[in-house]
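Student: Sequence first, predicted coordinates after that:
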Amino acid sequence: MGFVRVVNMMPASLSGETNQDSEPNLAVNPERPTDIVATAFTPDPAGGAFAPIYVSTDGGRTWVLRNVIPGGSMTRDITVGFSTTGGVLYAGVILQNSVRMQILRTPTFAATTPMTVLVNRDLEDQPWVVAGSVVINGRSVDRVYVGNRDAQPRPAVGAVAAVDVSLDAATAPAPAGFRETPLGLRRGPFSLPPTRLAIHPDGTVYAAFIHCTRQFGDGNNMDFHVVVRRDDNWGDNVDPFSDLRRPFQKTPGVVADIGFARFNDTMGQERIGADLAIAVDPTDSSTVYVASCIRGGESSTDWRLSVRRSTDRGQEWEFVREIGPTVKNPALAVNAEGRVGLAYQELTGGQWVTRLELTRSAWANPPETKVLHQAPSGTPARAFFPYIGDYIRLIAVGNDFYGVFSGNNTPDLANFPSGVSYQRSADFTNRVLLRTDGVTPVAPSIDPFFFHWSRTKQTETKPGLTKAEADTPPKSIKSETKETVETKPGLTKAEADTPPKSVKAETKELSDTKPGIGKAELDLPPKSAFEHGPKGVPHGVPEAFASLLLKLSQRVEVLEGQVAQGRAFIRPEERPDVGPAHDDPSADE
C-alpha cells in the first residue's frame, strides 16, 4: 500500500477569496518532480491583463500564483505540460469570453514573464497538452501535442477532433512547427469536445476522441463511438495518426467503446456528456487503457465509468473496470512499474467523492483505493458551468502519481479521509475558512486540490531537486559518522576511534562535574506538558511510558500550532490507532 498527500492549493495571501476555481489541470517536470504547475478557473486577484497559473517548487506542498497567460484576467479551458527534458512548459488555452485557442510556451515555468504565443486560432474547444522529448543527432528536441475540437467550417461535417503537432517546439519562433491534423473526419455529424493523447518514449502516440454517430430528439440525445487512432513515428508521417485501422478499413482508427449520452444533462450541480481519458504503459507501448462514461439509455439517469484495455496496440479492446451509477471525470496514468492509476469523481449519497484507484493486475484483483475528498454536492451554489470541472488530471512520473481535482473547500477533516494540508487560513476545529486576519469567516467555495501518491511515506523535499537527487536514500548514521571522521580536520586517530559516550556515561560525567545536582534529580524523567495538573505522570511510571507521553505532548503542541496558523495536517498514518494496514489486506499490490 502507498501513501498519499492532499494539499489545498490556494495561497495564504488569497485566504479571503470565494471564486469557483474549477476544472483544474497539472504538469510535473519529469527531470525535477519538485517543479509543478497547475491551472484552474482562477482569476488574477488584481483583475489585470494576464491570467494566473499555480506554481510549486517543493513538490506540491506550497503554491503561488504567476500571472503569465495573455488574453485577460481569467481563462476558459486551460491545460499544461512539461517537456521530458529541458524544463520547457507548454500550455493550451481558450481565451476569456471567446472560442480562440492559443498554444503557449515558456522556458522558465516559475518566472513572471508572460508566456510566448505560438498558435492563435478561432473556433476551438478544450485544448489538451501532452509533451515529450527525444534526442536527435545529439540534441534533445521537444515533441508537443495539443488535442482539441476544431469547429472550422468544413464541407459536410461539423466540429471535428484534431491534434496540433510540433516535432521541435522548444526554441523555434511562432508557430514553432505546429501543424494541425483533423482526426474526426468520419461518418456522423461531429466530434464531442475531448481529444486525449498519450505518448510513449519509443515514438508511439495514441489519440482518443468521442465521435457522435447519431443526434436525435431535442439534439442532446447522442449515440457515440470512442475512437482511438495511433501514430508510430511521433506523428511525423505523411498521413499522421493513420497506423491503426482494421483490415480492409478505409478510415483510420478503431472503435474502443460505444455508448449513449444525454449531452449537457446535469447531476450534483454539474453538467455531463463527454468524459474521456487515455494512458499508455511506459514499459510496453502495445498496452493502452481508455476510460469513458456512458448512459444506459434514453430513460436512464446513470453515467457509468468504463475502462477498457488493449494489449495489441489498439486493435482489440477488453473491458476491465466499471464504476457507477453516477461518475465523471476519469483520469488515467501508468507508472514505471506498470501500475495503473485511475482517478475519478463520483456523486453518491449527496456528496461528490474523489477517489484514486491503483492496480497492477488490470483490476483482476481488488485495487488499492484512496478517498481523497468527499463533500456535499449542494454546497456552495454553482456560479457557472462547469461546477467542479469537465476534467481532472493524473500524471505518472517514475513510480509516483501526481494529480489534481477541484471540490468544496470546507476545512473539515471528515471531508479528507487521506488527510489534507491548507495554505489558506482555516479553522479545522470549527470547520470554517478565515480571511488573512485569521478571524473573519469566509464562505465555502470550490478550490483546486493537489495530490501525490508514492510507495513510501513522503518526506520534506528541498526545492529544485532532480529526480536522481530526490530518489537518493538518506545516509545511514554509520556512513555519516565515517564522513565526519574523514572530513573534520585536526582529529587524531585515537579521537576518531573513540565511540560516542552513552547516555549513562554522560549522566555520570554531569553528576560528577556539575555542582548542585543530585543523583535523584538526574534519575527523574524529563517533564512533559501533562505534569502540570491532575493528569501528570505519577511517580513510578516506567521510563518508556513517560517518554511516550513526552512525545505525544510535543506532537500535540505542534498540531495546536499548525491549527492556529491554519495549517492543520493530520494523516491517518500519524494517528496511533490507524495506519497503512487499515487498507484492505487483500487489495492489489
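Tutor: In hand now; what should we look at?
Student: Next, find the distance separating the residue positioned nearest the centre of the chain from residue 276.
Tutor: The centre of the chain sits closest to residue 403, judged by C-alpha atoms, centre = their mean, with a distance of 1.1 Å. Per C-beta to C-beta, to the nearest Å, residue 403 is found 16 Å from residue 276. In this view, the C-beta of every residue, glycine as well, is placed from N, C-alpha and C.
Student: now swap in residue 301 and tell me
Tutor: 21 Å.
Student: any weak-confidence spans in the protein?
Tutor: Scanning the chain for pLDDT under 70 picks out the ranges 459-589.
Student: okay, now the domains of it?
Tutor: Following automatic domain parsing, one gets these domains for the chain: 3-471, 473-517.
Student: From the ones you listed, pick the one with the highest average neighbour count.
Tutor: Of all the domains of the chain, domain 3-471 carries the top mean neighbour count, a mean of 20, counting by mean count of other C-beta atoms under 10 Å.
Student: centre of the chain versus it, how much separation?
Tutor: 9 Å (C-alpha atoms, centre = their mean, to the nearest Å).
Student: packing partners for the helix or strand harbouring residue 406?
Tutor: According to DSSP states H and E, residue 406 maps onto strand 400-408. Here strand 400-408 touches strand 25-28, strand 327-334, strand 340-348, strand 351-359, strand 368-376, strand 393-397, strand 446-454, going by 3 or more C-beta pairs under 8 Å, 6 or more residues apart in numbering; DSSP states H and E.
Student: Sheet partners, orientation included, of it?
Tutor: Strand pairing for strand 400-408, using DSSP bridges, gives strand 393-397 (antiparallel), strand 446-454 (antiparallel).
Student: Save those strands as JSON lines, and put in distance to residue 44 too.
Tutor: Shown next, in JSON lines, are the strands paired with strand 400-408 (distance: least, C-beta to C-beta, whole Å):
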{"stretch": "strand 393-397", "distance to residue 44": "22"}
{"stretch": "strand 446-454", "distance to residue 44": "16"}
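Student: Figure out which of those is closest to residue 271.
Tutor: strand 446-454 (14.4 Å; C-beta to C-beta).
Student: Export the closest one to PDB, keeping only CA atoms.
Tutor: Provided in PDB are the C-alpha atoms of strand 446-454 (Å, rounded to 0.1, in the frame of the first residue of the first chain):
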ATOM      1  CA  ILE A 446     -14.600  25.500  -4.900                       C
ATOM      2  CA  ASP A 447     -10.800  25.200  -4.700                       C
ATOM      3  CA  PRO A 448      -8.200  23.100  -6.600                       C
ATOM      4  CA  PHE A 449      -6.500  20.400  -4.600                       C
ATOM      5  CA  PHE A 450      -3.200  18.700  -5.500                       C
ATOM      6  CA  PHE A 451      -2.400  15.100  -4.500                       C
ATOM      7  CA  HIS A 452       0.700  12.900  -4.700                       C
ATOM      8  CA  TRP A 453       0.800   9.100  -4.200                       C
ATOM      9  CA  SER A 454       4.100   7.200  -3.600                       C
END
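Student: unless I'm mixing things up, the residue nearest to the centre of the chain is touching residue 394, no?
Tutor: Yes - here residue 403 reaches residue 394: they are 4.4 Å apart, a contact under C-beta atoms under 8 Å.
Student: Identify the contacts common to these two.
Tutor: 331, 341, 343, 356 (C-beta atoms under 8 Å, 6 or more residues apart in numbering).
Student: Kindly reformat the residues you listed as JSON lines containing distance to residue 55.
Tutor: Formatted as JSON lines, the shared contacts of residue 403 and residue 394 follow (distance: C-beta to C-beta, whole Å):
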{"residue": "331", "distance to residue 55": "21"}
{"residue": "341", "distance to residue 55": "24"}
{"residue": "343", "distance to residue 55": "22"}
{"residue": "356", "distance to residue 55": "23"}
